[in-house]
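> give me coordinates for this.
(one chain, ligands or ions: 1)
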Amino acid sequence: MQMGFASSNQAPTERTSMPDDNVDLFVIGAGSGGVRAARIAAGHGARVMIAEEYRVGGTCVIRGCVPKKLLVYASRFADEFEDAAGYGWTVPKPIFDWAALIANKDREIARLELAYVTALERAGVQIMKSRAVLEDPHTVFLKASGRRVRAAHILIATGAAPHLGPPIAGIEHVISSNQAFHLEALPNRVLVQGGGYIAVEFAAIFNGLGAEVTLVYRGENILRGFDDDLRAHLRSEMERRGIRILTRQTVTAVERTQRSLRAQLWDGGEVEVDKVMFATGRHPNVDGFGLEAAGVRLAPNGGIEVDGFSQTRVPHIHAIGDVTNRVNLTPVAIRDGHAFADTVFGSKPTRADHVDVPTAVFSEPEVGAVGLTEARARASLAKVDIYKTMFRPLKATLSGRDTRVFMKLVVDGTTNRVVGCHIVGADAGEMIQMVGIAVKMKATKADFDAVMAVHPTASEELVTLREKAMSYDRQAAE
Ligand SMILES: Cc1cc2nc3c(=O)[nH]c(=O)nc-3n(C[C@H](O)[C@H](O)[C@H](O)COP(=O)(O)OP(=O)(O)OC[C@H]3O[C@@H](n4cnc5c(N)ncnc54)[C@H](O)[C@@H]3O)c2cc1C
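Purely as a prediction, here's the structure:
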């Protein structure tokens, strides 16, 4: 076990003043990564303190994945009520109550927060409800109490925060995802700016709940970084559901009118709405808490620079999760935190593996993706085979809903390995978790084909794709 100053690779520096406590590990930020690291380190016998300036649980639990998925569930009932008619149900006109949804969601989030606090306390971790700043490489100052803590190891797990982009006139009228979870009423008309998964998900949430939604994105198409076919398919599905998507477009100003907001667009157009939400990216929380004083450096991507073990340039200071701006997802932050604790306090050097991370977008319909996109496969492999399909899901036959499922396998033409899978359709997130196992195990297309189909499901298509849609051979192309 690597504990105490004797085992730290760096000599303690001058103290700012006498510390009130000594700990083996001080964790700054009680989000997904910080909480996991604190609990596991304490389990390895370390004396651990954790500071949280807002609410224990962090972004994912308090204002990210969990409340968002609850809103997604709420928004999907609208389609279910409609689809029920084709299956013989007569449903009275449903009435939606935003205040009830938000109150129920808040109650669940409070319950989860308490569960996180309890889990930390049970593990013997001391929780400090305070902003923490670094005074020197070993001293943490707690702003709420004025306490100083001397720590052998420090873990920075401060996450990231919404970034509204360059200041524009009327930016004070713009909300981020943080406020979207606490709106007093459901807006009738919403403009969401951004093309990433948070923008797409909120556009779908507001649309499903009955709002008129305009999605504005400066790029060519939504979901940059995802497979191009998947992006095009999702866009057409969202448009079919009535979401107006304006690409190569930006909001240049927002003006309050008597009863609403007027968003000015780059091309001179205007959109009149009740709420403007920007989901234009997130910035790692690296400012104003003494990183420079501690000698910690930033990477070119704006996050804290770390190595494969999440260690910064200062050997006893580590950083994990969104603050490092690597793969900004909860399971990654949790793995980072666990690996850190095992490495530093469990005598088990562990690197979190950030390759082939499966991911979902909880749009309507849902997206699931893992591994290489077709474009990345073509750029990195000599031969690529593409298998894809688009079909009407069985459920849509009786409901009459105009929707299509899209699935694509990207196969390394030399090894026959499935190196990517991209899905748009109901439960794509659930499917991609399982496909992720196969991709991680380096399954080949022949392995997929050898699996018996589960019938009738949508996912059976993944094991019955026979016809190549495309074969790419770099040598032949050159
Ligand atoms: C709207 C939204 C939806 C998302 N949906 C998903 C999803 O579906 N799936 C998924 O995997 N990921 C999702 N994410 C991303 C996910 O929430 C993050 O990747 C994850 O929370 C990162 O964990 P973390 O521990 O790095 O940081 P965080 O969870 O952000 O925790 C950092 C904590 O540090 C605290 N803090 C910061 N500075 C200080 C300081 N100086 N002193 C004390 N405390 C401090 C903050 O208050 C915060 O609680 C979503 C994010 C958002 C915003």
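> only C-alpha atoms from now on, for both contacts and neighbour counts.
Noted.
> from D353, how far off is the residue lying closest to E430 once chain neighbours are set aside?
Distances taken as CA to CA, 6 or more residues apart in numbering put G368 closest to E430, at 7.9 Å, once the chain neighbours are dropped. The gap separating G368 from D353 is 19 Å, by CA to CA, to the nearest Å.
> what's the answer for E364, then?
30 Å.
> who has more neighbours, those two?
When E364 and D353 are compared for neighbours, E364 comes out ahead with 24 against 12, by other CA atoms under 10 Å.
> mind checking the backbone torsions on the more buried one?
phi -130, psi 110 (degrees, to the nearest 10).
> pull the contacting residues for it.
By CA atoms under 8 Å, 6 or more residues apart in numbering, the contact list for E364 reads 76, 201, 204, 237-238, 425-426.
> could you dump those to CSV with distance to A37, neighbour count and pLDDT?
Compiled in CSV, the contacts of E364 are given as follows (distance: CA to CA, whole Å; neighbours: other CA atoms under 10 Å; pLDDT from 0 to 100):
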residue, distance to A37, neighbour count, pLDDT
R76, 35, 18, 98
E201, 29, 22, 98
A204, 34, 28, 98
E237, 40, 21, 98
M238, 39, 20, 98
G425, 35, 27, 98
A426, 34, 19, 98
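> which one of those is nearest to D342?
E201 (34.8 Å; CA to CA).
> make sure that closest one is indeed in a helix.
Yes - assessed by DSSP: H, G, I helix; E, B strand; the rest coil, E201 belongs to a helix.
> isn't it up against F362?
Yes - contact status for E201 versus F362: in contact at 5.7 Å, counting by CA atoms under 8 Å.
> quick check: neighbours shared by these two?
By CA under 8 Å, 6+ apart, E201 and F362 have these common neighbours: V72.
> leaving out chain neighbours, which residue sits closest to I334?
G33 (4.4 Å).
> where does the one you found sit: helix, strand or coil?
Applying three-state DSSP: G33 is helix.
> that one and M49, how far apart?
Counting by CA to CA, the gap from G33 to M49 is 14 Å.
> neighbours of E121, how many?
13.
> who's more crowded, G33 and M49?
G33 (31 against 24).
> show me the contact partners of the host helix or strand of A293.
According to DSSP states H and E, A293 maps onto helix 291-294. The contact list for helix 291-294 (CA under 8 Å, 6+ apart) reads 134-138, 297, 314.
> packing partners of the helix or strand just after it?
Sequence order places strand 317-319 as the next helix or strand after helix 291-294, per DSSP H and E. On a contact count with 3 or more CA pairs under 8 Å, 6 or more residues apart in numbering; DSSP states H and E, strand 317-319 meets strand 147-156.
> give me the distance from the strand it packs on to the chain's centre.
Its chain's C-alpha centre and that of strand 147-156 lie 28 Å apart, by CA atoms, centre = their mean, to the nearest Å.
> which parts of it are buried?
For strand 147-156, the neighbour count (16 or more other CA atoms under 10 Å) marks 148-156 as buried.
> now for that strand, which elements pack on it?
strand 21-28, strand 139-142, strand 317-319.
> tell me which of those strands is the most buried.
Of those, the one with the most neighbours on average (mean count of other CA atoms under 10 Å) is strand 317-319, at a mean of 27.
> how about it and the ligand, touching?
No - Strand 317-319 is not in contact with the ligand by CA under 6 Å from any ligand atom; minimum separation 8.9 Å.
> show me which residues of the chain are close to the ligand?
Residues of the chain lying near the ligand by CA under 6 Å from any ligand atom: 28-34, 51-55, 58-60, 64-65, 130-133, 157-160, 177, 198, 289, 321-323, 328-331, 333.
> restricted to buried residues, select those residues in PyMOL.
The PyMOL command for the buried members of these (criterion: 16+ other CA under 10 Å) is given here:
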select buried, resi 28+29+30+31+32+33+34+51+52+53+55+58+59+64+130+131+132+133+157+158+159+160+177+198+289+321+322+323+328+329+330+333
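> list the contacts of L465.
387-389, 449.
> Serialize those residues to CSV and add fields for neighbour count and pLDDT.
CSV is the format used below for the contacts of L465 (neighbours: other CA atoms under 10 Å; pLDDT from 0 to 100):
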residue, neighbour count, pLDDT
Y387, 19, 98
K388, 21, 98
T389, 16, 98
D449, 14, 98
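> now the longest helix along the chain: average pLDDT?
Looking across the chain with DSSP state H, the single longest helix is helix 98-122. Mean pLDDT, helix 98-122: 98.
> swap in stretch 222-234?
Rounded mean pLDDT across stretch 222-234 is 98.
> check the offset of that stretch from the chain's centre.
Counting by CA atoms, centre = their mean, stretch 222-234 comes out at 17 Å from the chain centroid.
> stretch 369-388 now?
23 Å.
> now it: buried residues?
Buried-residue list, stretch 369-388, by 16+ other CA under 10 Å: 369-374, 377-378, 383-388.
> kindly report the same for stretch 245-258.
245-247, 249-255.
> tell me where the stretch 201-350 of the chain has strands.
Under the criterion DSSP state E, counting those that start in this stretch, the stretch 201-350 of the chain contains strands at 212-217, 244-247, 251-256, 261-265, 270-273, 275-278, 282-284, 317-319.
> would you reformat the ones you listed as JSON lines and include mean pLDDT?
Listed next are the strands of the stretch 201-350 of the chain as JSON lines, based on pLDDT from 0 to 100:
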{"stretch": "strand 212-217", "mean pLDDT": "98"}
{"stretch": "strand 244-247", "mean pLDDT": "98"}
{"stretch": "strand 251-256", "mean pLDDT": "98"}
{"stretch": "strand 261-265", "mean pLDDT": "98"}
{"stretch": "strand 270-273", "mean pLDDT": "98"}
{"stretch": "strand 275-278", "mean pLDDT": "98"}
{"stretch": "strand 282-284", "mean pLDDT": "97"}
{"stretch": "strand 317-319", "mean pLDDT": "98"}
